[in-house]
Each structure stands twice: as structure tokens, then as C-alpha cells.
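K.L.:
Take a look and give me a structure for this.
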Amino acid sequence: MKLNELHDNPGATKKRKRIGRGPGSGMGKTGGRGIKGQKSRSGVAIKGYEGGQMPLYQRLPKRGFNKPNRKEFAVINLMIIQKYIDAGKLDAGSITEDSLVASGAVRRKLDGVRILAKGEITSKITAEVTGASAGAIAAVEKAGGKLTVTAPAKSKADAE
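P.N.:
Model prediction:
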């Protein structure tokens, strides 16, 4: 097989319809928009309009609340930590948020790292993180390790 012989399967791609390109195209003159009216003109956005009736999105009740300054934690499971220890990317003796980021186990710290109990941990680890589930703490202590939960660092929003 050569690069110049590569092609899509028949029917995999479809040419886009070019509107407003003359009467021979079948999509000339009005370009499929019909004659006159609001929808035939440019700059019209009437997505939720129901002809004067109260639109559905306004009739439905609004519920819930999204806290604007809530904490966002990077989440990691115990099985991932065990996998990284087995691969030699993490030192079981001292696991910190910075070491988790440096090893690639978590991408970034955000407001802190939270350890969850999914999977098994067999290594005796000593970890210091911002958050951990009760199940994760119990699993680490069962394996003979220690999991310390520290208070999250104060962000600029908290200081004000």
C-alpha cells in the first residue's frame, strides 16, 4: 500500500451541498429558504420561539444551584497509586500531591488531590493529601500505611 493509494470507503464521505450557486444546482436563487418571511432573512435566531406562546424552557421549573466558588479536586484511586508504585514511578514512603503530579498519576492539583478507595492497595504507603474518602483511609491503614488529610490551601477567593 502506498500513500497515494489511500482512500475512504465508498459512501464514507459526502460532498457538502453548495447553496446559492445558480439554478442548475437545484439550490439557487432563494437557496432553500423559501420566499419571504423571517426565516428567509439573515441574522435571525428564533430557536425557542413558539409563536407568542410561553416557550417550553420558560415553562419548566428551575431547580438547583451551582456554587460559584466550590472546590475542585483532582481525583485518584488507590489502584492507580498501587500501579504507579509497582512501576517504580512513585515512592511508597512519601506520597505528596507534588509527587503525584510529577509522576503523572494526576494531571494537575487544582484545589488539591483527593484519594478514593476504588481498587486495592498492597503497599505500605505514607501519603499526605488534601482529601480522602473514609474507605481509602481505612484501606491504607489496613495495608499498614498512613494517610494524612491536610486542610486545603486558601485560595484568593477565600481570602476576600
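K.L.:
Can you show me the helices along this protein?
P.N.:
56-59, 78-86, 97-103, 134-142, 156-159 (DSSP state H).
K.L.:
out of those, deepest packed?
P.N.:
helix 78-86 (a mean of 19; mean count of other C-beta atoms under 10 Å). (Glycine included, C-beta is placed from N, CA and C.)
K.L.:
ok, back up a step: of all the helices of the chain, which lies closest to residue 50?
P.N.:
When these are compared by C-beta to C-beta, helix 56-59 sits nearest residue 50, at 7.2 Å.
K.L.:
Output the closest one as PDB, restricted to C-alpha atoms.
P.N.:
Provided in PDB are the C-alpha atoms of helix 56-59 (Å, rounded to 0.1, in the frame of the first residue of the first chain):
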ATOM      1  CA  LEU A  56     -41.100  25.300  26.900                       C
ATOM      2  CA  TYR A  57     -37.800  26.200  28.600                       C
ATOM      3  CA  GLN A  58     -39.500  29.100  30.400                       C
ATOM      4  CA  ARG A  59     -42.500  26.900  31.500                       C
END
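K.L.:
From residue 53, how far out is residue 62?
P.N.:
19 Å (C-beta to C-beta, to the nearest Å).
K.L.:
lowest-confidence stretch among the helices of the chain?
P.N.:
The minimum mean pLDDT among the helices of the chain belongs to helix 156-159 (a mean of 57).
K.L.:
returning to that earlier point: I'd like the helices of the chain laid out as a markdown table, including distance to residue 3.
P.N.:
Shown next, in a markdown table, are the helices of the chain (distance: least, C-beta to C-beta, whole Å):
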| stretch | distance to residue 3 |
| --- | --- |
| helix 56-59 | 50 |
| helix 78-86 | 39 |
| helix 97-103 | 39 |
| helix 134-142 | 51 |
| helix 156-159 | 53 |
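K.L.:
so which of those helices comes closest to residue 115?
P.N.:
Between residue 115 and those, the shortest gap by C-beta to C-beta is with helix 134-142, which sits at 4.6 Å.
K.L.:
roughly how far out does that closest one sit from the chain middle?
P.N.:
How far helix 134-142 lies from its chain's middle: 27 Å, per C-alpha atoms, centre = their mean, to the nearest Å.
K.L.:
angle of it against helix 78-86?
P.N.:
Angle between the axes of helix 134-142 and helix 78-86 is 40 degrees (criterion: axes from the mean of the first three to the mean of the last three C-alpha atoms, to 10 degrees).
K.L.:
ok, which stretches of the protein are strands?
P.N.:
74-77, 95-96, 113-116, 126-129, 131-132, 146-149 (DSSP state E).
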